[in-house]
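heads up, no residue letters with this:
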(Lines give C-alpha, C1' and ligand atoms only; values in the text may rest on other atoms or scores of the structure.)
Protein backbone atom coordinates (compact mmCIF):
# COMPACT_ATOMS: atom_id res chain seq x y z
CA UNK A 1 0.00 0.00 0.00
CA UNK A 2 1.28 3.49 -0.86
CA UNK A 3 2.13 5.83 1.99
CA UNK A 4 -0.63 8.29 1.00
CA UNK A 5 -3.30 5.60 1.09
CA UNK A 6 -1.96 4.36 4.39
CA UNK A 7 -2.35 7.81 5.99
CA UNK A 8 -5.87 8.17 4.62
CA UNK A 9 -6.91 4.72 5.86
CA UNK A 10 -5.50 5.46 9.33
CA UNK A 11 -7.38 8.77 9.60
CA UNK A 12 -10.63 7.15 8.44
CA UNK A 13 -10.26 4.47 11.09
CA UNK A 14 -9.76 7.13 13.79
CA UNK A 15 -12.83 9.09 12.65
CA UNK A 16 -14.97 5.94 12.75
CA UNK A 17 -13.66 5.19 16.26
CA UNK A 18 -14.62 8.70 17.40
CA UNK A 19 -18.16 8.34 16.05
CA UNK A 20 -18.52 4.94 17.74
CA UNK A 21 -17.37 6.29 21.10
CA UNK A 22 -19.70 9.30 20.81
CA UNK A 23 -22.65 6.91 20.55
CA UNK A 24 -21.48 4.53 23.26
CA UNK A 25 -20.50 7.19 25.79
CA UNK A 26 -23.26 9.74 25.09
CA UNK A 27 -24.79 9.23 28.57
CA UNK A 28 -21.46 9.98 30.25
CA UNK A 29 -20.90 13.20 28.30
CA UNK A 30 -18.37 12.60 25.52
CA UNK A 31 -15.68 15.31 25.56
CA UNK A 32 -13.18 13.99 23.02
CA UNK A 33 -10.80 11.18 22.21
CA UNK A 34 -7.09 11.02 21.46
CA UNK A 35 -5.31 8.01 19.91
CA UNK A 36 -1.54 7.49 20.33
CA UNK A 37 0.59 4.64 19.02
CA UNK A 38 3.18 3.31 21.46
CA UNK A 39 5.66 0.40 21.35
CA UNK A 40 3.45 -1.54 23.76
CA UNK A 41 0.18 -0.94 21.88
CA UNK A 42 -2.39 1.78 21.21
CA UNK A 43 -3.32 4.26 23.93
CA UNK A 44 -6.85 5.68 23.70
CA UNK A 45 -7.46 8.67 25.98
CA UNK A 46 -11.17 9.27 26.49
CA UNK A 47 -12.39 12.54 28.04
CA UNK A 48 -15.85 12.48 29.63
CA UNK A 49 -17.94 14.46 32.06
CA UNK A 50 -18.82 11.41 34.22
CA UNK A 51 -16.05 8.78 34.10
CA UNK A 52 -17.91 6.40 36.41
CA UNK A 53 -20.45 5.53 33.73
CA UNK A 54 -17.70 4.67 31.24
CA UNK A 55 -15.82 2.44 33.68
CA UNK A 56 -18.94 0.67 34.97
CA UNK A 57 -19.29 -1.57 38.00
CA UNK A 58 -16.06 -3.47 38.53
CA UNK A 59 -14.72 -2.19 35.17
CA UNK A 60 -17.12 -4.31 33.13
CA UNK A 61 -18.14 -1.46 30.77
CA UNK A 62 -14.59 -0.45 29.95
CA UNK A 63 -13.57 -4.09 29.30
CA UNK A 64 -16.38 -4.54 26.77
CA UNK A 65 -15.41 -1.23 25.15
CA UNK A 66 -11.76 -2.32 24.88
CA UNK A 67 -12.72 -5.66 23.32
CA UNK A 68 -14.94 -4.01 20.69
CA UNK A 69 -12.23 -1.49 19.77
CA UNK A 70 -9.69 -4.26 19.25
CA UNK A 71 -12.02 -6.51 17.20
CA UNK A 72 -13.98 -3.95 15.13
CA UNK A 73 -11.28 -1.37 14.41
CA UNK A 74 -8.15 -3.60 14.42
CA UNK A 75 -6.15 -1.56 16.92
CA UNK A 76 -3.19 -3.43 18.38
CA UNK A 77 -3.53 -4.02 22.16
CA UNK A 78 -5.74 -0.96 22.92
CA UNK A 79 -5.49 0.57 26.40
CA UNK A 80 -8.30 2.95 27.33
CA UNK A 81 -7.58 5.77 29.75
CA UNK A 82 -10.58 7.73 31.05
CA UNK A 83 -10.13 11.37 32.15
CA UNK A 84 -12.64 13.68 33.79
CA UNK A 85 -13.30 17.13 32.37
CA UNK A 86 -12.41 19.85 34.88
CA UNK A 87 -14.92 22.39 33.58
CA UNK A 88 -17.59 20.93 31.25
CA UNK A 89 -18.81 24.40 30.27
CA UNK A 90 -15.46 25.06 28.55
CA UNK A 91 -15.53 21.81 26.54
CA UNK A 92 -16.90 22.50 23.07
CA UNK A 93 -18.02 18.94 22.34
CA UNK A 94 -19.92 18.57 25.63
CA UNK A 95 -21.68 21.93 25.16
CA UNK A 96 -22.63 21.02 21.58
CA UNK A 97 -24.21 17.76 22.74
CA UNK A 98 -26.10 19.52 25.54
CA UNK A 99 -27.44 22.12 23.11
CA UNK A 100 -28.57 19.40 20.68
CA UNK A 101 -30.29 17.56 23.51
CA UNK A 102 -32.07 20.78 24.56
CA UNK A 103 -33.35 21.28 21.01
CA UNK A 104 -34.65 17.71 20.92
CA UNK A 105 -36.54 18.32 24.15
CA UNK A 106 -38.41 21.22 22.53
CA UNK A 107 -36.46 24.36 23.48
CA UNK A 108 -36.72 27.28 21.10
CA UNK A 109 -33.48 27.62 19.15
CA UNK A 110 -32.93 31.28 20.17
CA UNK A 111 -33.42 30.55 23.84
CA UNK A 112 -31.15 27.50 23.69
CA UNK A 113 -28.42 29.35 21.75
CA UNK A 114 -28.34 32.42 24.02
CA UNK A 115 -28.37 30.33 27.21
CA UNK A 116 -25.45 28.21 25.92
CA UNK A 117 -23.40 31.29 25.06
CA UNK A 118 -24.11 32.83 28.46
CA UNK A 119 -23.03 29.69 30.34
CA UNK A 120 -19.80 29.46 28.37
CA UNK A 121 -18.86 33.12 28.93
CA UNK A 122 -19.71 32.96 32.65
CA UNK A 123 -17.29 30.03 32.98
CA UNK A 124 -14.38 32.27 31.92
CA UNK A 125 -14.03 31.72 28.17
CA UNK A 126 -12.52 34.56 26.14
CA UNK A 127 -15.07 34.07 23.39
CA UNK A 128 -17.57 31.62 21.92
CA UNK A 129 -19.72 31.12 18.84
CA UNK A 130 -22.74 28.85 18.36
CA UNK A 131 -23.97 28.01 14.86
CA UNK A 132 -27.33 26.32 14.28
CA UNK A 133 -28.16 25.24 10.75
CA UNK A 134 -31.21 23.40 9.44
CA UNK A 135 -35.01 23.72 9.43
CA UNK A 136 -35.24 25.89 12.52
CA UNK A 137 -38.75 27.37 12.16
CA UNK A 138 -40.14 26.22 8.84
CA UNK A 139 -39.53 24.12 5.76
CA UNK A 140 -36.72 26.35 4.57
CA UNK A 141 -33.16 25.75 5.69
CA UNK A 142 -31.31 28.66 7.33
CA UNK A 143 -28.42 29.36 9.66
CA UNK A 144 -28.38 31.28 12.93
CA UNK A 145 -25.24 32.42 14.76
CA UNK A 146 -24.80 33.43 18.39
CA UNK A 147 -21.50 35.06 19.23
CA UNK A 148 -19.84 36.74 22.19
CA UNK A 149 -16.27 37.74 23.03
CA UNK A 150 -13.24 37.10 20.83
CA UNK A 151 -13.31 34.52 18.05
CA UNK A 152 -10.54 33.86 15.50
CA UNK A 153 -11.51 32.39 12.14
CA UNK A 154 -8.11 31.66 10.61
CA UNK A 155 -4.39 31.53 11.24
CA UNK A 156 -2.31 30.16 14.08
CA UNK A 157 -4.56 31.56 16.88
CA UNK A 158 -7.51 29.53 15.56
CA UNK A 159 -5.52 26.30 15.43
CA UNK A 160 -3.98 26.86 18.83
CA UNK A 161 -6.73 28.44 20.97
CA UNK A 162 -10.10 27.55 19.38
CA UNK A 163 -11.81 24.30 20.43
CA UNK A 164 -14.61 23.06 18.15
CA UNK A 165 -17.47 20.67 18.92
CA UNK A 166 -20.19 19.29 16.65
CA UNK A 167 -23.46 17.49 17.37
CA UNK A 168 -26.75 16.66 15.62
CA UNK A 169 -30.27 17.27 16.89
CA UNK A 170 -32.97 15.10 15.25
CA UNK A 171 -36.39 16.79 15.14
CA UNK A 172 -39.67 16.12 13.34
CA UNK A 173 -38.92 18.87 10.82
CA UNK A 174 -35.50 17.40 10.06
CA UNK A 175 -31.95 17.37 11.30
CA UNK A 176 -30.31 20.44 12.87
CA UNK A 177 -26.56 20.75 12.99
CA UNK A 178 -25.01 22.27 16.11
CA UNK A 179 -21.49 23.71 16.05
CA UNK A 180 -19.82 25.27 19.09
CA UNK A 181 -16.49 27.12 19.07
CA UNK A 182 -14.82 28.20 22.33
CA UNK A 183 -11.65 30.22 22.82
CA UNK A 184 -9.41 29.06 25.65
CA UNK A 185 -9.46 31.37 28.71
CA UNK A 186 -5.65 31.31 28.84
CA UNK A 187 -5.31 32.27 25.16
CA UNK A 188 -2.82 35.04 24.48
CA UNK A 189 -3.30 36.85 21.19
CA UNK A 190 -0.33 38.18 19.20
CA UNK A 191 -1.29 41.83 19.76
CA UNK A 192 -1.41 41.52 23.56
CA UNK A 193 1.70 42.72 25.39
CA UNK A 194 2.24 42.66 29.16
CA UNK A 195 4.86 44.86 30.84
CA UNK A 196 6.52 43.59 34.03
CA UNK A 197 7.82 45.71 36.88
CA UNK A 198 11.59 45.67 37.54
CA UNK A 199 11.14 43.47 40.62
CA UNK A 200 9.01 40.93 38.74
CA UNK A 201 11.46 40.83 35.86
CA UNK A 202 14.36 40.37 38.26
CA UNK A 203 12.60 37.45 39.93
CA UNK A 204 11.91 35.81 36.57
CA UNK A 205 15.38 36.36 35.06
CA UNK A 206 17.97 36.68 37.87
CA UNK A 207 20.91 35.57 35.68
CA UNK A 208 20.25 38.27 33.08
CA UNK A 209 20.02 40.98 35.71
CA UNK A 210 23.26 39.78 37.34
CA UNK A 211 25.09 40.14 34.01
CA UNK A 212 23.64 43.62 33.49
CA UNK A 213 24.71 44.73 36.97
CA UNK A 214 28.24 43.38 36.41
CA UNK A 215 28.55 45.32 33.13
CA UNK A 216 27.31 48.51 34.78
CA UNK A 217 29.82 48.12 37.62
CA UNK A 218 32.67 47.64 35.13
CA UNK A 219 31.59 50.77 33.24
CA UNK A 220 31.53 52.78 36.48
CA UNK A 221 35.06 51.66 37.38
CA UNK A 222 36.32 52.53 33.90
CA UNK A 223 34.72 55.98 34.02
CA UNK A 224 36.21 56.62 37.48
CA UNK A 225 39.71 55.69 36.26
CA UNK A 226 39.38 57.98 33.23
CA UNK A 227 38.25 60.85 35.47
CA UNK A 228 41.24 60.37 37.82
CA UNK A 229 43.69 60.34 34.87
CA UNK A 230 42.29 63.59 33.45
CA UNK A 231 42.50 65.29 36.88
CA UNK A 232 46.20 64.41 37.29
CA UNK A 233 47.00 65.75 33.79
CA UNK A 234 45.30 69.05 34.59
CA UNK A 235 47.23 69.44 37.86
CA UNK A 236 50.62 69.04 36.09
CA UNK A 237 49.81 71.60 33.38
CA UNK A 238 48.51 74.30 35.76
CA UNK A 239 51.86 76.28 36.30
CA UNK A 240 52.49 76.67 32.56
CA UNK A 241 48.97 77.89 32.09
CA UNK A 242 49.39 80.46 34.90
CA UNK A 243 52.66 81.82 33.39
CA UNK A 244 51.09 82.10 29.99
CA UNK A 245 48.11 83.91 31.45
CA UNK A 246 50.41 86.30 33.38
CA UNK A 247 52.33 87.13 30.18
CA UNK A 248 49.14 87.76 28.37
CA UNK A 249 47.79 89.98 31.14
CA UNK A 250 50.88 92.34 31.39
CA UNK A 251 50.48 94.13 28.04
CA UNK A 252 46.85 94.42 28.70
CA UNK A 253 47.53 96.19 32.02
CA UNK A 254 49.94 98.67 30.33
CA UNK A 255 47.39 99.51 27.72
CA UNK A 256 44.84 100.05 30.46
CA UNK A 257 47.16 102.56 32.25
CA UNK A 258 47.77 104.47 28.99
CA UNK A 259 44.12 104.68 28.42
CA UNK A 260 43.63 106.03 31.94
CA UNK A 261 46.17 108.84 31.36
CA UNK A 262 44.64 109.86 28.05
CA UNK A 263 41.11 109.81 29.36
CA UNK A 264 40.93 113.53 30.39
CA UNK A 265 41.90 114.79 26.92
CA UNK A 266 39.33 112.59 25.34
CA UNK A 267 36.81 113.81 27.85
CA UNK A 268 37.58 117.52 27.13
CA UNK A 269 37.30 117.00 23.44
CA UNK A 270 34.12 115.18 23.88
CA UNK A 271 32.81 117.87 26.21
CA UNK A 272 33.72 120.61 23.75
CA UNK A 273 32.01 118.78 21.00
CA UNK A 274 28.96 118.16 23.15
CA UNK A 275 28.63 121.73 24.57
CA UNK A 276 28.53 123.66 21.32
CA UNK A 277 27.80 122.15 18.04
CA UNK A 278 28.70 125.48 16.32
CA UNK A 279 31.52 127.82 17.57
CA UNK A 280 30.15 131.19 18.89
CA UNK A 281 30.71 134.26 16.75
CA UNK A 282 33.38 136.66 18.05
CA UNK A 283 32.03 140.14 18.87
CA UNK A 284 33.24 142.94 16.57
CA UNK A 285 35.43 144.78 19.10
CA UNK A 286 37.68 147.62 17.87
CA UNK A 287 41.05 148.10 19.50
CA UNK A 288 41.94 151.20 21.35
CA UNK A 289 43.89 153.12 18.71
CA UNK A 290 41.31 152.50 16.12
CA UNK A 291 38.68 154.01 18.39
CA UNK A 292 40.80 157.18 18.83
CA UNK A 293 41.15 157.65 15.06
CA UNK A 294 37.47 157.37 14.59
CA UNK A 295 36.82 159.94 17.27
CA UNK A 296 39.31 162.32 15.73
CA UNK A 297 37.72 162.08 12.33
CA UNK A 298 34.36 162.73 13.87
CA UNK A 299 35.68 165.79 15.65
CA UNK A 300 37.24 167.09 12.47
CA UNK A 301 34.09 166.82 10.48
CA UNK A 302 31.92 168.44 13.03
CA UNK A 303 33.43 172.00 12.71
CA UNK A 304 33.12 171.84 8.96
CA UNK A 305 29.47 171.18 9.21
CA UNK A 306 29.06 173.96 11.68
CA UNK A 307 30.91 176.37 9.52
CA UNK A 308 28.71 175.71 6.59
CA UNK A 309 25.69 176.31 8.66
CA UNK A 310 27.05 179.63 9.92
CA UNK A 311 27.86 180.81 6.46
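Yep, it's here. What you see is a predicted model, and the numbers here were worked out from it, not measured in a lab.

Can you give me the domain assignment for the chain?
Split into domains by automatic domain parsing, the chain comes to 3-85, 90-183, 195-244.

For the shortest one, what is the distance to the chain centroid?
To tie it back to what came earlier, the one meant is domain 195-244. Here domain 195-244 is found 32 Å from its chain centre; the criterion is CA atoms, centre = their mean, to the nearest Å.

Deepest-packed of the domains of the chain, please.
Stretch with highest mean neighbour count among the domains of the chain: domain 90-183 (a mean of 17; mean count of other CB atoms under 10 Å). For every residue, glycine as well, the C-beta is placed using N, CA and C.

On the pLDDT front, check the residue lying closest to residue 47 once chain neighbours are set aside for me.
Sequence neighbours aside, residue 31 is the residue nearest to residue 47 in space, at 3.8 Å (criterion: CB to CB, 6 or more residues apart in numbering). For residue 31, the pLDDT comes out at 87.

which residues touch residue 31?
When contacts are counted by CB atoms under 8 Å, 6 or more residues apart in numbering, residue 31 is found next to 47, 48, 49, 85, 88, 91, 93, 94.

before we move on, what about residue 132?
103, 109, 113, 143, 144, 145, 146, 176, 177, 178, 179.

Poorly predicted segments of the chain, please.
1, 233-311 (pLDDT under 70).

how about the helices in it?
With DSSP state H, the ranges of helices along the chain come out as 3-24, 51-55, 60-73, 92-104, 109-122, 155-161, 198-204, 206-275, 288-310.

Let me have the domains of the chain in a markdown table, extended by distance to residue 189.
Shown next, in a markdown table, are the domains of the chain (distance: least, CB to CB, whole Å):
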| stretch | distance to residue 189 |
| --- | --- |
| domain 3-85 | 24 |
| domain 90-183 | 6 |
| domain 195-244 | 16 |
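
picking up where we left off before, adding distance to residue 153, write the contacts of residue 31 out as CSV.
Converted to CSV, those look like this (distance: CB to CB, whole Å):
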residue, distance to residue 153
47, 25
48, 29
49, 28
85, 26
88, 25
91, 21
93, 20
94, 23
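
Relative to residue 28, how far out is residue 42?
21 Å (CB to CB, to the nearest Å).

And residue 185, by the same measure?
Between residue 185 and residue 28 the computed distance is 24 Å (CB to CB).

go on, residue 110?
Distance from residue 110 to residue 28, by CB to CB: 29 Å.

Report the spatially nearest residue to residue 77, omitting neighbours in sequence.
Spatial nearest neighbour of residue 77, excluding adjacent residues (CB to CB, 6+ apart): residue 41 at 2.9 Å.

quick one: contacts for that neighbour?
75, 76, 77, 78, 79.

Tell me the one among those nearest to residue 198.
Using CB to CB, residue 79 comes nearest to residue 198 of the contacts of residue 41, at 50.2 Å.

Beta-bridge partners for the closest one, please?
residue 43 (DSSP bridges).

for it, what are its contacts?
40, 41, 42, 43, 44, 66.

Which of those residues sits closest to residue 20?
residue 44 (11.2 Å).
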